[in-house]
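Q: Here's a sequence, model it:
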Amino acid sequence: MKSDIISSPVAGCMRWGKWGAEFSTADYRQMIENCLANGINSFDHADIYGDYTTEAEFGKALKEDLSLRSQMRIITKCGIQMLASARPDHTIKSYNTSAQHIISSAERSLKNFGTEYLDVLLIHRPDPLLNPLEVAEAVAYLKQQGKILSFGVSNFLPHQVNVLAPHTGIDFNQVAISIVQREALTNGVLENCMQHGIVPQAWAPLGGGTFTDDNHPRFRSISATASELAEKYDTGLNEILLAWLHTHPAGIISVIGTTKIERLLQAKKAAAIRLEKEDWFKLLLSATGEDVA
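A: Numbers count the residues shown, from 1 in each chain. Purely as a prediction, here's the structure:
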């Protein structure tokens, strides 16, 4: 089962390094150990994070204690080519989903993490030049070699999934989903996941910094409803907003991009909460300001 591969919440590592907290090796190890001690064993990366540095920094912590790797699941992504000093051959930000690039990216990630396999490899963004046969070739090779255990995509719309799905198994689609980013509820992404047996992973499940009184016109309405429901379910406001996602029948997994263990513990609690249907629609109403048709 895919739930045996990745469980909710996933610890998003994008801001652990250069793009955020600039963790030391000791900080990485402490955060990893705190997560594992609290039953949070899935970690989300991408090759580009920290201008191509965060994977290796995370891996340095793992190399200090080789027992850590067997306790965790590592997700990473490839396919974006960024301008960075670590990639002097890149002349423009672009996408590359050729078989050669996918394989070389995965192998470089393996070296960065100091591991023999990746639990999940995702294509980071839809590539207008994506050739599904090449992607399938790369995935088949990496699986046959035992270098990846599972494959998926990120930010793919249904028609993009449908082009690729006949050629290779797709286990995950990581997309933006939250009470303030609801497009996946109406653009067919979640129905497409259920159709193909794909587990949706929600990045920015709490709005990614946009859900504030200054940035979102429905902040007060959403907060008031979520607070009311938090009292009913004896939990916190953030837990309710995550539970709103988890209640969906597609089986959404939350990727929590944070440097604070407290936020991950909130998400861990939320993973077990399912809202009653009318409560789910109360939150939807608070976000849209309109009754359903």
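Q: count of neighbours near K277?
A: 9 (other C-beta atoms under 10 Å). In this view, the C-beta of every residue, glycine as well, is placed from N, C-alpha and C.
Q: Please report phi then psi for it.
A: phi -60, psi -50 (degrees, to the nearest 10).
Q: Please apply the same query to the one 3 residues further on.
A: The phi/psi pair for W280 (degrees, to the nearest 10) reads phi -60, psi -40.
Q: I'd like to know how far the closest residue to V189 other than its chain neighbours sits from V292.
A: Computed as C-beta to C-beta, 6 or more residues apart in numbering, the closest residue to V189 that is not its neighbour in sequence is V175, at 5.8 Å. V175 sits 22 Å away from V292, going by C-beta to C-beta, to the nearest Å.
Q: in the stretch 101-250 of the chain, which spans are helices?
A: 132-144, 158-164, 183-186, 189-196, 219-233, 237-246 (DSSP state H, counting those that start in this stretch).
Q: do you know how far R182 is from S98?
A: 34 Å.
Q: Comparing those two, which residue is more hemmed in?
A: More crowded of R182 and S98, by other C-beta under 10 Å: S98, with 18 against 14.
Q: how close does that one get to P217?
A: S98 is 43 Å from P217, by C-beta to C-beta.
Q: repeat for L133
A: For L133, the distance to P217 - C-beta to C-beta - is 45 Å.
Q: cool, and Q145?
A: Taking C-beta to C-beta, one finds Q145 at 50 Å from P217.
Q: do you know how far P166 is from L133?
A: 10 Å.
Q: of these two, who's got more company?
A: Taking other C-beta under 10 Å, P166 and L133 do not tie; L133 has more neighbours (12 against 8).
Q: ok, the nearest residue to the more buried one once chain neighbours are set aside to V10 distance?
A: Closest residue in space to L133, ignoring its immediate chain neighbours: H167 at 6.2 Å, by C-beta to C-beta, 6+ apart. Going from H167 to V10 by C-beta to C-beta gives 26 Å.
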